[in-house]
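K.L.:
coords please:
(one chain, ligands or ions: 3)
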Amino acid sequence: MSILSSSLLLSVCILCVICDDPPGHMQPLGSHMPPLLVEETTKFPDPITFYDDYVYRNSPVIFRGIMKETEVFANWRYDSYLRERFGHEEIGAENGKKENRTATGELFKFSAFLDRYNTSDIYMVGDMPLSMQEEWSIPSFLICGGYTENLAFINVWFSSGGTKSVLHTDSMENFHCVVSGRKVFVMFEPHYSEAIGPEHKNLGYYHIDVDAVDMIKYPNISSIPWYKAVVNEGDCLYLPYLWIHHVDSYGRNMAVNVWWIQFEFDREDCQSMEHRPGFAPINQFSISHELQVKHFLLELKRPDGSIHVEDVYEAQKNRNPTGDALSLDNVKTLFDKLIPGCNGVLHESDFRGDRIKIDNYRDVLQYVSRLMEEADGINRPPPNDAPPSFDAPPPFDAPPPHDNLPPYPHSNYPPNEEGFPNDEVEGGGDGHPHQHSHAQDEL
Ligand SMILES: *[C@@H]1O[C@H](CO)[C@@H](O)[C@H](O)[C@H]1NC(C)=O
Ligand SMILES: *[C@@H]1O[C@H](CO)[C@@H](O)[C@H](O)[C@H]1NC(C)=O
Ligand SMILES: *[C@@H]1O[C@H](CO)[C@@H](O)[C@H](O)[C@H]1NC(C)=O
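P.N.:
Ligands and ions are numbered 1, 2, ... in the order given. Below you'll find the model as predicted:
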């Protein structure tokens, strides 16, 4: 055999081996095809434009460098500053910078975290302490029209870099700003959630190894387009409701995000105020974890707007495949805590105005966390069945925040922040679920 033909044979063989594997097989997520790029801008939109161009269209966007002029951006980049101002605060951190939702969490003094974060496999993830909220601010295009009426979480993410989230969805609108370091988001449109893999439906995340995607197990992925968002320090990303994403972080890495629920958008409210590009202190708005209850229930409404105890029972059971689910009677009690005597049926109109008060939602959360404690024994080691949630708003059976704060709030949540099938959203497939299916839009 000539050298030419044997080398031809050899290259054909190599090609065969390569061809056998689908694109991206056992490679990092996103290797299967070149990315589409997320829209980016250096402009500061007015609140109505932000709504029309991005929120309404369920369309992500990066605001390049908008934080760079803020004081917090200058200050929080220094460990010495953080130690001096917030060293006494208690914060939650997760063990394992590569998320797997079975790792444990721990509480640290912020100063102790600072001592260790460069040399340990730990990741600060959780509610921003109130003293930090006094310094944090959000862009002025978020301060009217209802964006801040339903703020459910403000979180801090801090590590020495090298964190990797699972591929997952969050069930709220997300505004994510990087103070230091860089984050890279690998994103898929919401309507691909079923095509990517079946486990999403109940878990809200995938078991995919983001460092080495098994394309034999997840064959559809190799043909699904993905978006890449590189978020550098000083940038903020608007990540819409239900977009599927995985996040890598690089360098000393600090980021802050808010999760909010977008109900109707009040244009007049925004028209009536003068819009100036700038930032507004976050501590003038109230942040209510309790709102996740409202959100969870509204997502389960039937086409006629009614919300039934059986549907809620089923949804939370699917979400907690390993136990910890409530009984039908428990869920009935929960309905009565919202509207006494409602007989297991609520209507979306019940959620308008202030018929159901924040206190009612708080009662529900407290009731649920009490049931969980009883089920597990009071001395449940907090972090153990504690699927961490990296980019995940804790789902609706989160323990009550503030007064009654259990160790590390993110710790005893079930491994799912979405937690319910979302056929209406995924069925549309036009990438614009807000237009006809985002439950809140109709309120
Ligand atoms: C999840 O991550 C933690 C922390 O890194 C590790 O101890 C644990 O073994 C991991 N679990 C699985 C199932 O990979
Ligand atoms: C591939 O996508 C189809 C259509 O969405 C879905 O029904 C199927 O379950 C997916 N296959 C796998 C293995 O996830
Ligand atoms: C951790 O490392 C970063 C650089 O990556 C440095 O800026 C920071 O001061 C270090 N912090 C501590 C406490 O060593």
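K.L.:
residues near the closest residue to residue 267 other than its chain neighbours, how many?
P.N.:
Closest residue to residue 267 apart from its sequence neighbours, by C-beta to C-beta, 6 or more residues apart in numbering: residue 48 at 6.1 Å. C-betas here are computed from N, CA, C, even on glycine. A count of neighbours around residue 48, defined by other C-beta atoms under 10 Å, yields 16.
K.L.:
and if you look at residue 315?
P.N.:
Around residue 315 there are 20 residues (other C-beta under 10 Å).
K.L.:
could you find the closest non-adjacent residue to residue 355?
P.N.:
residue 339 is the one closest to residue 355 (C-beta to C-beta, 6+ apart), at 7.5 Å.
K.L.:
residues contacting that neighbour?
P.N.:
Counting by C-beta atoms under 8 Å, 6 or more residues apart in numbering, residue 339 makes contact with 346, 350, 355, 356.
K.L.:
same check on residue 130?
P.N.:
Per C-beta under 8 Å, 6+ apart, neighbours of residue 130: residue 283.
K.L.:
tell me how far it lies from residue 112.
P.N.:
19 Å (C-beta to C-beta, to the nearest Å).
K.L.:
same deal with residue 131?
P.N.:
From residue 131 over to residue 112 (counting by C-beta to C-beta), the distance is 16 Å.
K.L.:
can you name the two of the contacts of residue 339 that sit furthest apart?
P.N.:
346 and 355 (10.2 Å; C-beta to C-beta).
K.L.:
between these two, which is the more surrounded one?
P.N.:
Neighbour comparison, residue 346 and residue 355: the larger count goes to residue 346, with 23 against 11 (by other C-beta under 10 Å).
K.L.:
need the three-state assignment for the more buried one.
P.N.:
Under DSSP: H, G, I helix; E, B strand; the rest coil, residue 346 falls in the strand class.
K.L.:
show me what it is bridged to.
P.N.:
Beta-bridge partners of residue 346, counted by DSSP bridges, are residue 307.
K.L.:
contacts only, for it.
P.N.:
297, 306, 307, 335, 338, 339.
K.L.:
I figured residue 324 hits residue 375, correct?
P.N.:
Yes: under the criterion of C-beta atoms under 8 Å, residue 324 makes contact with residue 375 at 6.6 Å.
K.L.:
where does pLDDT dip in the stretch 251-400 of the chain?
P.N.:
Along the stretch 251-400 of the chain, the model assigns pLDDT under 70 to residues 321-323, 377-400.
K.L.:
run through the helices of it in chain order.
P.N.:
Along the stretch 251-400 of the chain, counting by DSSP state H, counting those that start in this stretch, helices occupy 267-271, 291-298, 309-319, 328-338, 358-376.
K.L.:
next, count neighbours for residue 71.
P.N.:
Neighbour tally, residue 71, other C-beta under 10 Å: 10.
K.L.:
do residue 302 as well
P.N.:
Using other C-beta under 10 Å, residue 302 is surrounded by 12 other residues.
K.L.:
distance of residue 169 from residue 194?
P.N.:
12 Å.
K.L.:
which one of those two has more residues nearby?
P.N.:
Between residue 169 and residue 194, counting by other C-beta under 10 Å, residue 169 is the more crowded of the two (25 against 15).
K.L.:
isn't that one up against residue 204?
P.N.:
Yes: Residue 169 lies in contact with residue 204 (C-beta under 8 Å); the separation is 5.7 Å.
K.L.:
what about residue 111, neighbour count?
P.N.:
Look at residue 111: counted by other C-beta under 10 Å, it has 16 neighbours.
K.L.:
ok so it is a helix residue?
P.N.:
Yes: under three-state DSSP, residue 111 sits within a helix.
K.L.:
residues that sit against both of residue 169 and residue 194, list them.
P.N.:
residue 200.
K.L.:
care to break this protein down by domain?
P.N.:
The chain is divided into the following domains under automatic domain parsing: 36-284, 291-442.
K.L.:
how about stretch 178-195: buried residues?
P.N.:
For stretch 178-195, the buried set under the neighbour-count rule, 16 or more other C-beta atoms under 10 Å, comprises 178-183, 185-193, 195.
K.L.:
cool, and stretch 121-129?
P.N.:
121, 122, 123, 124, 125, 126, 127, 128.
K.L.:
give the rounded mean pLDDT of it.
P.N.:
Stretch 121-129 carries an average pLDDT of 95.
K.L.:
right, is it up against ligand 3?
P.N.:
No: judged by C-beta under 6 Å from any ligand atom, stretch 121-129 makes no contact with ligand 3; its nearest approach is 12.6 Å.
K.L.:
need the residues of this protein near ligand 3, please.
P.N.:
Residues of the chain lying near ligand 3 (C-beta under 6 Å from any ligand atom): 79, 114, 118, 160, 252.
K.L.:
so the second one is in contact with residue 80, correct?
P.N.:
No: judged on C-beta under 8 Å, residue 114 makes no contact with residue 80 at a distance of 9.1 Å.
K.L.:
okay, the two: which has more neighbours?
P.N.:
Each of residue 114 and residue 80 has its neighbours counted (other C-beta under 10 Å); residue 114 has more, 18 against 10.
K.L.:
look up how far residue 104 lies from that one.
P.N.:
The spacing between residue 114 and residue 104, counted by C-beta to C-beta, is 20 Å.
K.L.:
what does residue 129 give?
P.N.:
21 Å.
K.L.:
so which bits of stretch 297-310 are buried?
P.N.:
297, 298, 299, 300, 301, 305, 307, 308, 309.
K.L.:
what is the end-to-end distance of that stretch?
P.N.:
12 Å (C-alpha to C-alpha, to the nearest Å).
K.L.:
alright, that wraps it up for me.
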